[in-house]
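Trainee: Structure, please.
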Amino acid sequence: MEINIDIPEETKIEIQKKTIRRLFNPGGLDHLKQLRVKSIKLSNEFTRIDFLYQIPQDGWWVAMEPMCYIQSKDSTIKYGLIKAVGIPLKPNTITYWKRQTISYSLFFPVLPDNTTSIDIIEKLAPGNYFNFFDVSYQKWMTVPHPIDVKRSNN
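Mentor: Okay, the predicted model is just below:
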């Protein structure tokens with residue numbers, strides 16, 4: 001027996017389908033690079049960029065400029081940092097007492113759908129800053145890196 005229930009229009013809740021797309025950088029596993037973009041996650045709520053950084057020597061500190069931003073190559077609009085995970089914002093720092101590879105993520109506002117290439121700018125100034133220019137992520141892989149694939153339940 002089939003039952004049809006009429007739901008009044010004012011009680012209906014519209015659920016927006018969230019689109020999430022994660023693109024993996026094929027060069028993200030190149031262990032010869034000290035700093036590399038691992039992946040970019042695009043959603044209706046944010047743009048998340050994941051990085052891998054090899055600490056070059058014992059006692060090395062890291063931090064991120066709070067005014068860092070991303071910018072589409074086709075625009076002058078700068079999208080400022082919303083949140084950093086895995087790396088402190090200056091003036092705070094974290095010191096690593098042994099060489100290792102760390103991962104961190106930066107969250108920015110949503111990019112326009114037609115964006116094909118971005119600059120990731122920590123700071124445009126002399127010195128050691130995490131800047132990437134012309135990151136063309138549109139043709140990156142949708143297949144996760146092997147380090148992101150769960151191998152067992154142990």
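
Trainee: in the protein, which helix or strand is least confident?
Mentor: strand 20-24 (a mean of 84; mean pLDDT, DSSP states H and E).

Trainee: which outside residues touch that strand?
Mentor: With CB atoms under 8 Å, 6 or more residues apart in numbering as the test, strand 20-24 has contacts from 38-43, 137-138, 140-145, 148. C-beta coordinates here come from the backbone N, C-alpha and C atoms, glycine included.

Trainee: Look up how far residue 32 lies from the residue nearest to residue 104 when sequence neighbours are not counted.
Mentor: Leaving out its chain neighbours, the residue that sits closest to residue 104 by CB to CB, 6 or more residues apart in numbering is residue 86, at 3.4 Å. In this view, residue 86 and residue 32 are 22 Å apart by CB to CB, to the nearest Å.

Trainee: neighbour count winner among those two?
Mentor: residue 86 (15 against 7; other CB atoms under 10 Å).

Trainee: tell me the contacts of that one?
Mentor: Contacts of residue 86 by CB under 8 Å, 6+ apart are 102-105.

Trainee: hmm, 10 Å instead?
Mentor: The contact partners of residue 86, taken as CB atoms under 10 Å, 6 or more residues apart in numbering, are 50-51, 53, 62, 64, 94, 102-106.

Trainee: Serialize those residues to TSV and add fields for distance to residue 80 and neighbour count.
Mentor: Shown next, in TSV, are the contacts of residue 86 (distance: CB to CB, whole Å; neighbours: other CB atoms under 10 Å):
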residue	distance to residue 80	neighbour count
50	18	22
51	17	22
53	21	21
62	20	17
64	12	22
94	22	12
102	23	14
103	22	13
104	17	18
105	16	16
106	11	23
